[in-house]
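In: Generate coordinates for the sequence data below:
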Amino acid sequence: MRSVLDTGGALYLQNREDMGELLAEHDELLEQAAAGGGEKAMDRHRGRGKLPIRERIAAVLDPDTPFLEISPLAGYGSRYHLGGGMVAGIGIIAGTECVIMGNDPTVAAGALTPYASKKWMRALEIARDNKIPYVSFVESAGGDLRPPGENDSADEGGAVGSAVVPAHFAETGRFFYEMIELSKLRIPTVCVTFGSSTAGGAYQPGLSDYNIFIKEQTYAFLAGPPLVKMATGEVADSETIGGAQKHAEVSGLAEYLAEDELDAIRMCREVVSHLNWRKPDAQPTLTADPPALDPEELLGLVGRDLGKPLDVRDVIGRVVDGSRFEEFKPRYGTSMVCGWASIHGYPVGVLGNNGVIYPDSAQKAAHFIQLCNQIDVPLVFVQNITGFMVGTDFESDGIIKKGSQMINAVTNSTVPHLTVIVGSSYGAGTYGMSGRAFGNRFTFLWPTAKVAVMGPKQIAGVMSLVRRGQAARKGEEFDEEADARIVAAHEASHDQGSLALNATGAISDDGIIDPRDTRDVLGMCLSVVRNTPIEGAESYGVFRL
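Out: Residues are numbered from 1 along each chain as shown. Below is the predicted model of the structure:
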């Protein structure tokens, strides 16, 4: 691929400045999330001879291997601690790619907040869909029992309270179901319990294939001393009720008894090493040379103003191996760019947006998706989409029918889908481009991404037309000045609500990434999806749509 990108132009320089500001804000928030419950809570935790959760994870990973954290900014914009009190991601242990989930005990003693619950479910989903071992680092007080609205920010380790309401409590049982399902699917589950594991938290080791407890540090029980006393009148300490030695020697819950945290981590690595885990198709098959076009230039492609033009080929050429891209139907349906490439040696089909999706673009995409399924090639979707084209002529050309063909192809595709949202992700366009709701394996955002039902200007404008119509029907005079103020307020509100940070805070994706890391993040995900055989559709041949 060749590029005519003007890296000295005003638009490029403004985009690069915007991206730099957004990345700086993102880095600041990541540091805040890594701080857990705060300095005092962290000092108290270390004072007990315990490692913070991220250090536990770093210690279990193979040297010089990456950890792809999932939803590190969960809870952004909410009253909960950033990160939700849990760390989840993918790392390599003893040469094996594993999902790793860990409670952060410096945040409300590792109690399950709604955001922690959602991250936990996502971790289980990744393990199941990609058939990789699931490792949990448990230290949890169970469900958050504090009254709604209670603010315990002053106690250094908590989050603003939100009690476990009945609906949330009923849903949490799904975690246990999913853990059992993993074992049923012959996906190993390994649990290291670093501290107290209470009530629902006790079922994490209870439902795991392998358990590692730490002497005089691990406690697992359905009810701790306070609840035991309230329920039965019995007075007993934590060690007597459910200490590590008791579970290793008497109850049989623990398979391994460690001397300390590092010994437990060593045991975890040994357990994973004996799993005999093998990928059905582990090795990349193509040359994994770096892009010929400079990935640093990705920083200047998209800015805060998503109305500015972007040729998605400039993104593709700075991500794929050697900047090699075999474009499919380049002269037809030109607002959809499709073609074959490789990333870190893994063959992929790429679909990217160069504008709205027209009827011919939708047909082209559906055709391409079917071809990739025939040859078992994963699909990478690069989203910058405002939606499907509307209007009289396009309805006559069958935009509903042809758009539905594309969505049907995405839905019935059986190869793995990876999605990167670099700019707009609006309306049904996000579905056609394999948004999170359509079963893709991973979704990542650039800091510039915006996710919404439609663009802020369009939302505000539509509502203005509705108000104008209501006034006409009532025979009332329409107040243009008041409406202009409402339009401006709605536009600003919807624009703020669509920002990448708000989307990722709600865990609608797997995290925001630096554009320069796009190639490596996709490469790691492509390696992970290879843990399960890639099987294309076999029921019928390709429809030439």
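In: quick one: residue 29 from residue 425, how far?
Out: 21 Å (CB to CB, to the nearest Å). Bear in mind the C-beta positions are built from the backbone N, C-alpha and C, glycine included.
In: Looking at these two, which is more packed in?
Out: Shown here are residue 29 and residue 425; by other CB atoms under 10 Å, residue 425 has more neighbours (30 against 19).
In: any idea which element the more buried one lies in?
Out: strand 417-426 (DSSP states H and E).
In: Packing partners of that strand?
Out: Packed against strand 417-426 by the contact rule (3 or more CB pairs under 8 Å, 6 or more residues apart in numbering; DSSP states H and E) you find strand 379-385, strand 442-445, strand 450-452, helix 518-529.
In: Return the mean pLDDT over the shortest one, rounded to an integer.
Out: Per-residue pLDDT values across strand 450-452 average out to 89.
In: So which other helices or strands are in contact with it?
Out: strand 417-426, helix 480-497, helix 500-505.
In: Among these, which comes closest to residue 139?
Out: helix 500-505 (24.2 Å; CB to CB).
In: so how far is that closest one from its chain's centroid?
Out: Relative to its chain's centre, helix 500-505 lies at 11 Å (CA atoms, centre = their mean, to the nearest Å).
In: cool, and stretch 396-408?
Out: That offset, for stretch 396-408, works out to 29 Å (CA atoms, centre = their mean).
In: Buried residues of that stretch, list them for me.
Out: 399, 402, 403, 404, 405, 406, 407 (16 or more other CB atoms under 10 Å).
In: between the helix or strand hosting the last one and strand 417-426, how big is the angle?
Out: This points to residue 407. Secondary structure from DSSP H and E places residue 407 in helix 399-412. Calculated by axes from the mean of the first three to the mean of the last three CA atoms, to 10 degrees, helix 399-412 forms an angle of 150 degrees with strand 417-426.
In: Help me confirm that residue 137 is found in a helix?
Out: No: using DSSP: H, G, I helix; E, B strand; the rest coil, the assignment for residue 137 is strand, not a helix.
In: Provide the partner residues of it in its beta bridges.
Out: Residue 137 forms beta bridges with residue 102, residue 192, as assigned by DSSP bridges.
In: start the count at 59, not 1, going forward
Out: With 59 as the first residue, the last one maps to residue 195.
In: Surely it is in contact with residue 250?
Out: Yes: using CB atoms under 8 Å, residue 195 is in contact with residue 250, at 5.3 Å.
In: Show me what the helix holding residue 465 is in contact with.
Out: With contact meaning CB atoms under 8 Å, 6 or more residues apart in numbering, helix 457-470 is reached by 415-418, 420-421, 423-424, 427-428, 446-448, 475, 486, 489-492, 496-497, 595, 603.
In: In the stretch 59-208 of the chain, where is pLDDT below threshold?
Out: Where the stretch 59-208 of the chain drops to pLDDT under 70, the residues are 201-208.
In: Would you map the helices across it?
Out: Secondary structure of the stretch 59-208 of the chain (DSSP state H, counting those that start in this stretch): helices at 68-92, 97-105, 111-118, 172-188.
In: element containing residue 231?
Out: Counting by DSSP H and E, residue 231 is part of helix 224-242.
In: Tell me the buried residues in stretch 86-100?
Out: Neighbour-count burial for stretch 86-100, counted by 16+ other CB under 10 Å, picks out 87, 88, 91, 92, 93, 94, 95, 96, 99, 100.
In: Skipping adjacent residues, who's closest to the fourth one in space?
Out: If I follow you right, that is residue 92. residue 112 (6.1 Å; CB to CB, 6 or more residues apart in numbering).
In: And for the last one?
Out: In space, not counting the residues next to it along the chain, residue 100 is nearest to residue 164; the distance is 5.4 Å by CB to CB, 6+ apart.
In: I'd guessed that neighbour sits against residue 97; true?
Out: No: between residue 164 and residue 97 there is no contact under CB under 8 Å: 9.7 Å.
In: other SSEs contacting the helix or strand that contains residue 371?
Out: Residue 371 is part of helix 370-374 when elements are defined by DSSP H and E. Packing contacts for helix 370-374, counted by 3+ CB pairs under 8 Å, 6+ apart, involve strand 394-401, strand 404-411, strand 437-443.
In: Return stretch 406-424 as PDB; C-alpha atoms alone will do.
Out: Extracted C-alpha coordinates of stretch 406-424, given in PDB (Å, rounded to 0.1, in the frame of the first residue of the first chain):
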ATOM      1  CA  VAL A 406      -7.200 -11.900   8.100                       C
ATOM      2  CA  GLY A 407     -10.000 -10.400   6.100                       C
ATOM      3  CA  VAL A 408     -10.400  -6.600   6.800                       C
ATOM      4  CA  LEU A 409     -13.500  -4.500   6.400                       C
ATOM      5  CA  GLY A 410     -13.300  -0.700   7.000                       C
ATOM      6  CA  ASN A 411     -15.600   2.200   6.400                       C
ATOM      7  CA  ASN A 412     -14.900   5.100   4.000                       C
ATOM      8  CA  GLY A 413     -18.300   6.700   4.600                       C
ATOM      9  CA  VAL A 414     -21.800   5.600   5.200                       C
ATOM     10  CA  ILE A 415     -22.900   2.100   4.000                       C
ATOM     11  CA  TYR A 416     -24.700   2.300   0.600                       C
ATOM     12  CA  PRO A 417     -26.700  -0.600  -0.900                       C
ATOM     13  CA  ASP A 418     -23.800  -1.600  -3.100                       C
ATOM     14  CA  SER A 419     -21.400  -1.400  -0.100                       C
ATOM     15  CA  ALA A 420     -23.600  -3.600   2.000                       C
ATOM     16  CA  GLN A 421     -23.700  -6.200  -0.800                       C
ATOM     17  CA  LYS A 422     -20.000  -6.100  -1.300                       C
ATOM     18  CA  ALA A 423     -19.400  -6.600   2.500                       C
ATOM     19  CA  ALA A 424     -21.800  -9.600   2.600                       C
END
